[in-house]
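[1] A predicted structure for the sequence below; I have some questions about it.
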There are 2 protein chains.
Amino acid sequence: MPALTLTSKDSSKQVLILDEWELGVIDLFLNAANSIGLPRSYGQIYGLLFCRDQSLSMDEVIKLLGISKGSASQGLRSLRQLGAISSVFEPGDRKERFVAEIRLRKLVGGFLREQADPHLDKGVGRLQQIEALLAKVDDKDSHKRGVRRHEILSGWHRQMSRLLPWVKMIVGKSDRLPQKSSD
Amino acid sequence: MPALTLTSKDSSKQVLILDEWELGVIDLFLNAANSIGLPRSYGQIYGLLFCRDQSLSMDEVIKLLGISKGSASQGLRSLRQLGAISSVFEPGDRKERFVAEIRLRKLVGGFLREQADPHLDKGVGRLQQIEALLAKVDDKDSHKRGVRRHEILSGWHRQMSRLLPWVKMIVGKSDRLPQKSSD
DNA sequence: CATGTAGTTCAAAAAAACTTGAACACTGTC
DNA sequence: GACAGTGTTCAAGTTTTTTTGAACTACATG
């Protein structure tokens, strides 16, 4: 393997540019990421991998999207943490390569696990904190009101905790639903 | 019982200060709002109203939370739009007064209606746009790949569309939900 | 152990989101 | 019409989040 050219452009190399439809998909994911509270660049990265059959290295992601090394590194790490992408090592290659997870159930599950569950957990602490503050309330009416509110919040917390497993279960189940192929 | 001079004239006025537990609740909602992608001030406003039995006017919200007129005005409007608060007019008073909606089902339903549904709707347009871009692709392989991706995205869209009604239905009914025996 | 490749970290820059407040609009009263 | 009470708008200011890129770690190879 001759390593002469630095800016090597081996003709066996796959495309280093994006199709227009790929740009469209990447933009779709950019917006989607944004609207669920993830950085745009995460959406771009996922979108790019989603478009491709072949795994991509960090280098290729950087070149194709024109983002910085830092963004790529952090984005790829977080996306893997979310279970939205996974990495593979081609034998005899030091580079880590990435592919998108395309099972919606996995995506939703990972998102809920990493984003929703922690919030619910923190909620327990917050509720306890409020309970503690309530113990120090002198005024009878205020105390009563506070207790009622605490009860409501506890109920909500319980309901949300029960909802999440259902969501995880429902999404992806429809693979098996009989479908009339339309559209 | 009456607070010291605080530019307030009428001593029959209810508290113009917040109990500690109320601050805790308001902070909880501030964080909750933040984590579902709403401005912090919306959370504060909702949290304040959530704590109170009596309706509050915009003026009172501004004074109690120490936020600006602009924030209060926009926050109250958006929260009402979301169905998270509702307004009432006391007879013989020109001021609009607000109370929090505390039924979780309503809150979740409103949130999904105002936030999730619009995104799904926009998604239709985006998918069509991608479809249009695909029509212009020459390369056979790229086209095929693109079509496959479009199909996947369409499937996801369908599944999410089906999920939302379930969520709306399940929340608020969880007393009667069948349970997965573990936890 | 010097070199080159792969990847991470983090302070500073840039961008996005949020808040503010003064000007404006609307309405009912005198 | 002038005024006072309510509420909205939005340009400018502030805060928060995201991105960048240079310095750094790690590790294989000659």
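    That came in fine, so what should we check first?

[2] only C-alpha atoms for contact and neighbour calcs from this point on.
    Will do.

[3] Give the other helices and strands that the helix or strand containing A:V147 contacts.
    Element membership for A:V147, per DSSP states H and E: helix A:140-170. Applying 3 or more C-alpha pairs under 8 Å, 6 or more residues apart in numbering or on different chains; DSSP states H and E, one finds that helix A:140-170 makes contact with helix A:104-111, helix A:117-135, helix B:40-51, helix B:140-170.

[4] when you compare where that helix runs with where helix A:104-111 runs, what's the angle?
    150 degrees (axes from the mean of the first three to the mean of the last three C-alpha atoms, to 10 degrees).

[5] which parts of helix A:140-170 are buried?
    A:142-143, A:146-147, A:149-150, A:153-154, A:156-157, A:159-160, A:162-164, A:166-168, A:170 (16 or more other C-alpha atoms under 10 Å in any protein chain shown).

[6] quick check: mean pLDDT across that helix?
    For helix A:140-170, the mean pLDDT works out to 95.

[7] Same check on stretch A:107-122?
    Per-residue scores along stretch A:107-122 average to 95.

[8] Over to stretch A:40-55?
    Per-residue scores along stretch A:40-55 average to 97.

[9] Show me what from chain A comes close to DNA strand C.
    Taking C-alpha under 7 Å from any atom of the strand as the criterion, the neighbours of DNA strand C within chain A are A:34, A:57-59, A:69-71, A:73-74, A:77, A:94-97.

[10] are any of these buried, and which?
    Buried among these by 16+ other C-alpha under 10 Å: A:34, A:57-58, A:77, A:97.

[11] Save those as TSV, and put in distance to DNA strand D too.
    Formatted as TSV, those follow (distance: C-alpha to the nearest atom of the strand, whole Å):
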residue	distance to DNA strand D
A:N34	7
A:S57	16
A:M58	13
A:R77	12
A:R97	16
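
[12] Out of those residues, flag the one nearest to chain B.
    Within these, the smallest distance to chain B is 9.6 Å, found for A:N34 (C-alpha to the nearest C-alpha).

[13] Double-check that closest one against A:R40; I have them as touching.
    Yes - between A:N34 and A:R40 there is a contact under C-alpha atoms under 8 Å: 5.5 Å.

[14] Which helix or which strand is home to A:V88?
    strand A:85-89.

[15] Buried ones in that strand, by neighbour count?
    So for strand A:85-89, counting by 16+ other C-alpha under 10 Å, buried means A:85-87.

[16] quick check: angle from that strand to helix A:104-111?
    Using the same axes, to 10 degrees: strand A:85-89 against helix A:104-111 is 100 degrees.

[17] and A:S55, how many neighbours?
    19 (other C-alpha atoms under 10 Å in any protein chain shown).

[18] OK, contacts around it?
    By C-alpha atoms under 8 Å, 6 or more residues apart in numbering or on different chains, the contact list for A:S55 reads A:49, A:88, A:97-99.

[19] Lowest pLDDT pick from the residues you listed?
    For the contacts of A:S55, the pLDDT minimum is A:V88, 94.

[20] from what I can see it touches A:R80, true?
    No - under the criterion of C-alpha under 8 Å, A:V88 is not in contact with A:R80, lying 11.4 Å apart.

[21] What residues are bridge-paired with the residue in chain A positioned nearest to DNA strand C?
    Relative to DNA strand C, the nearest point of chain A is A:E96 (3.3 Å; C-alpha to the nearest atom of the strand). Taking DSSP bridges, one finds A:F89 as the beta-bridge partners of A:E96.

[22] Distance of A:S41 relative to B:K144?
    26 Å (C-alpha to C-alpha, to the nearest Å).

[23] Kindly apply the preceding question to A:Q129 instead.
    In terms of C-alpha to C-alpha, A:Q129 sits 56 Å off from B:K144.
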